[in-house]
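> what's the 3D shape of this:
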Amino acid sequence: KVPVIVDAGIGCASDAAIAMELGCDGVLINTAVAEAKNPILMAEAMKDAVIAGRKSFIAGRIKKKVTANPSSPFEGLIE
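The predicted model follows:
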């Protein structure tokens, strides 16, 4: 197995989460942290995003559908 590491294009925490959700083994992050208004906060956000993205990948995504199935009843809605 060859590890897949994303080393470019990660500009915010959601980018890192998506990479991990897609099954990447890791992300290399430099510019997004170095040039952030608050680098420490961005580094923490990246860490949290990578962990969340990996957990999501391991848990397994539900199958995508063309239409949504509402989980709330239509009766009792305020008109």
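> can you tell me how far residue 1 sits from residue 31?
28 Å (CB to CB, to the nearest Å). Using the backbone N, CA and C atoms, a C-beta is placed for each residue, glycine as well.
> all strands of this structure, in order?
Taking DSSP state E to define them, one finds strands in the chain at 5-6, 26-27.
> So residue 2 versus residue 69, what's the distance?
Taken as CB to CB, the span from residue 2 to residue 69 is 39 Å.
> so residue 26 makes contact with residue 3?
Yes. Counting by CB atoms under 8 Å, residue 3 is a contact partner of residue 26 at 7.1 Å.
> Look up how far residue 46 lies from the spatially most central residue of the chain.
Against the mean C-alpha coordinate of the chain, by CA atoms, centre = their mean, the closest residue is residue 17 at 2.3 Å. Here residue 17 is placed at a distance of 9 Å from residue 46 (CB to CB).
> Residue 54 now?
13 Å.
> Give me the more crowded residue out of these two.
residue 46 (21 against 18; other CB atoms under 10 Å).
> The more buried one contacts residue 11, doesn't it?
No. The criterion here is CB under 8 Å, and residue 46 misses it with residue 11 at 10.5 Å.
> what residues do the two have in common as contacts?
Counting by CB atoms under 8 Å, 6 or more residues apart in numbering, the shared contacts of residue 46 and residue 11 are residue 32.
> For the longest helix belonging to the chain, buried residues please.
Longest helix in the chain, counting residues (DSSP state H): helix 39-59. Using 16 or more other CB atoms under 10 Å as the test for burial, helix 39-59 gives 42-43, 45-46, 49-50, 52-54, 57.
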